[in-house]
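Undergrad: Pasted the sequence and its predicted model underneath.
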Protein chains: 2
Amino acid sequence: MIKYPNCEKEYVKKDKVKKPVSFTSANRGMSLEDDINKSNEYYLSKEIALIYKRPTPINVVKVDYTKGAKIIDAYYEKQSTTDYNGVYKGHYLDFEAKSTKSKTSIPLANISVHQVKHLKNVIKQGGIAFFIMYFDSINEAYLISAKFVIEFFENNKRHSIPISDIKNNGYLIKQGFNPRLSYLEIIEEHFLK
Amino acid sequence: MIKYPNCEKEYVKKDKVKKPVSFTSANRGMSLEDDINKSNEYYLSKEIALIYKRPTPINVVKVDYTKGAKIIDAYYEKQSTTDYNGVYKGHYLDFEAKSTKSKTSIPLANISVHQVKHLKNVIKQGGIAFFIMYFDSINEAYLISAKFVIEFFENNKRHSIPISDIKNNGYLIKQGFNPRLSYLEIIEEHFLK
């Protein structure tokens, strides 16, 4: 699961110093979100696609206007949609990113009923809906259609999707320096053709 | 300009009691956002389109984890994209809503350079980019392409777009009970055909 960026900031505040970009397996788990964001920056800079991370919805309870609109009481809301959406060649794209340390499966616990509902709506409206699933242990990221994940979610009693199902039904994402995760290649090849 | 929903909540806290839905000119100015949201709910319920208001980006400075992740220091960030995006018949839609009390023009002051840049990117990627502009004084809402607004923004020394330009280059949005603002009719007729 991708952590709320701002929560995470709190946790890692101590070592905020920027490290040089490395691409080893060791730091991959924590940085799936970062890799996707960087890939999206690359896609935007090359005018290939425009894909944004949605801001985390925050429920603001109290604002102090004597201090220039300082929010002094607020809570993170549960994301009821997905992490990312955007446009590629006119098509609407919508996806969620999940990572796991497990070697064998992706737990479904982090996928909410609201997200499933949202992705179903995206599919109904002709959008391209998918997941990016990252296995930290083997440093492999897969793109898999939301349709497959939703069917699994609704028709299985298992609480996780086995990696074999991901491999059989998804597509391995090529990793590199730029873009770090070349996921639009897969959209082009398998979702648009 | 549409106010940040949560700021607004602070201002109007006193009369939070729900009033029956009326559709008079009097309460229209404040409720453009509400009307668009309600229209989007209608479109979703009829499986016509999936369009969301983006959450307001908030820069979280401090979280109190002793109180269940209570945010105690945060600030509203300036929206660098637009208010709404979504999918209609597979097409990516992206738009900004502006309202004015002026009878003669829409001020450009509320449109940021970041938003213009964002909308240009949407257009480049084949998305459908537009504005919904609402004149409170005459209770008329217009849909106008982002392309027109951007060209005006970049090539004019005026600080506002005259209503005559909006009328000549945009499309009057039919108002009703459901959807309150039938803006997808215009997308269908003038942007997809």
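TA: Good, I have the coordinates. Numbers count the residues shown, from 1 in each chain, chains lettered A, B, ... in the order given.

Undergrad: which intervals of chain A have sub-threshold pLDDT?
TA: Counting by pLDDT under 70, chain A contains low-confidence residues at A:1-30.

Undergrad: in it, which spans are strands?
TA: Assigned strands in chain A, in chain order: A:50-53, A:58-64, A:70-76, A:84-88, A:91-100, A:105-107, A:128-135, A:140-145, A:160-162, A:171-172 (criterion: DSSP state E).

Undergrad: is the first one up against chain B anywhere?
TA: Spelled out, it's strand A:50-53. Yes: where contact is defined by C-beta under 8 Å from any C-beta of the partner chain, part of strand A:50-53 touches chain B, namely A:50, A:52. C-beta here means a position set from N, CA and C on the backbone, and glycine is covered the same way.

Undergrad: List the beta-bridge partners for residue A:100.
TA: The residues listed as beta-bridge partners of residue A:100 by DSSP bridges are residue A:135.

Undergrad: Is it correct that it is in contact with residue A:135?
TA: Yes: the pair formed by residue A:100 and residue A:135 meets the contact definition of C-beta atoms under 8 Å, at 6.2 Å.

Undergrad: Longest helix of chain A, counting residues only.
TA: What stands out as the longest helix in chain A, according to DSSP state H, is helix A:32-45.

Undergrad: what's the angle from that one to strand A:84-88?
TA: For the pair helix A:32-45 and strand A:84-88, the angle between their directions (axes from the mean of the first three to the mean of the last three C-alpha atoms, to 10 degrees) equals 20 degrees.

Undergrad: Pop out the phi and psi values for the nearest residue to residue A:101 once chain neighbours are set aside.
TA: The shortest distance from residue A:101 to any residue other than its chain neighbours is 4.9 Å, reached at residue A:136 (C-beta to C-beta, 6 or more residues apart in numbering or on different chains). When read as degrees, to the nearest 10, the backbone of residue A:136 gives phi -60, psi -40.

Undergrad: Reformat the strands of chain A as CSV; add mean neighbour count.
TA: Putting these into CSV (neighbours: other C-beta atoms under 10 Å in any protein chain shown) gives the following:
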stretch, mean neighbour count
strand A:50-53, 21
strand A:58-64, 17
strand A:70-76, 18
strand A:84-88, 24
strand A:91-100, 23
strand A:105-107, 19
strand A:128-135, 24
strand A:140-145, 22
strand A:160-162, 19
strand A:171-172, 16
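
Undergrad: between those, which one is nearest to residue A:180?
TA: Closest approach to residue A:180 among the strands of chain A (C-beta to C-beta): strand A:140-145, 9.4 Å.

Undergrad: tell me which strands and helices that closest one is in contact with?
TA: Packing contacts for strand A:140-145, counted by 3 or more C-beta pairs under 8 Å, 6 or more residues apart in numbering or on different chains; DSSP states H and E, involve strand A:128-135, helix A:163-169, strand A:171-172, helix A:183-186.

Undergrad: residues making contact with the last one?
TA: Contacts with helix A:183-186, where a contact means C-beta atoms under 8 Å, 6 or more residues apart in numbering or on different chains, come from A:36, A:39, A:43, A:48-49, A:88, A:132, A:141, A:143, A:171, A:173-174.

Undergrad: now that helix, how far from the chain's geometric center?
TA: Remark: helix A:183-186 is offset 14 Å from the chain centroid, using C-alpha atoms, centre = their mean, to the nearest Å.

Undergrad: buried set for that helix?
TA: The neighbour-count check on helix A:183-186 (16 or more other C-beta atoms under 10 Å in any protein chain shown) flags A:183-184, A:186 as buried.

Undergrad: Out of these, flag the one nearest to residue B:152.
TA: Taking C-beta to C-beta as the measure, residue B:152 sits nearest to residue A:184 out of these, at 32.9 Å.

Undergrad: separation between that closest one and residue A:74?
TA: In this structure, residue A:184 and residue A:74 are separated by 35 Å, where distance is defined by C-beta to C-beta, to the nearest Å.

Undergrad: now do residue A:145
TA: Distance from residue A:145 to residue A:74, counting by C-beta to C-beta: 35 Å.

Undergrad: Tell me which residues touch the residue lying farthest from the centre of chain A, please.
TA: The outermost residue of chain A, judged against the average C-alpha position, is residue A:66 (37.6 Å), by C-alpha atoms, centre = their mean. Residues in contact with residue A:66 (C-beta under 8 Å, 6+ apart): none are found.

Undergrad: How much space separates it from residue A:72?
TA: As judged by C-beta to C-beta, residue A:66 and residue A:72 stand 10 Å apart.

Undergrad: go on, residue A:102?
TA: Residue A:102 sits 40 Å away from residue A:72 when distances are taken as C-beta to C-beta.

Undergrad: now the most centrally placed residue in chain A, nearest residue through space, not along the chain?
TA: To find the centre residue of chain A, average its C-alpha atoms and take the closest one (C-alpha atoms, centre = their mean): that gives residue A:97, at 2.3 Å. Excluding its sequence neighbours, the residue lying closest to residue A:97 (C-beta to C-beta, 6+ apart) is residue A:132, at 4.6 Å.

Undergrad: ok, the one you found touching residue A:93?
TA: No: in this structure, residue A:132 is not within contact of residue A:93 by C-beta under 8 Å, at 11.3 Å.

Undergrad: With adjacent residues omitted, what lies nearest to residue A:137?
TA: residue A:103 (4.4 Å).

Undergrad: rewinding a little: near chain B, anything from the longest helix of chain A?
TA: Yes: applying C-beta under 8 Å from any C-beta, one finds helix A:32-45 touching chain B at residue A:44.

Undergrad: Show me which residues of that helix are buried.
TA: A:32-33, A:35-40, A:42-44.

Undergrad: Show me what it packs onto, helices and strands only.
TA: strand A:50-53, strand A:84-88, strand A:91-100, strand A:128-135, helix A:183-186.
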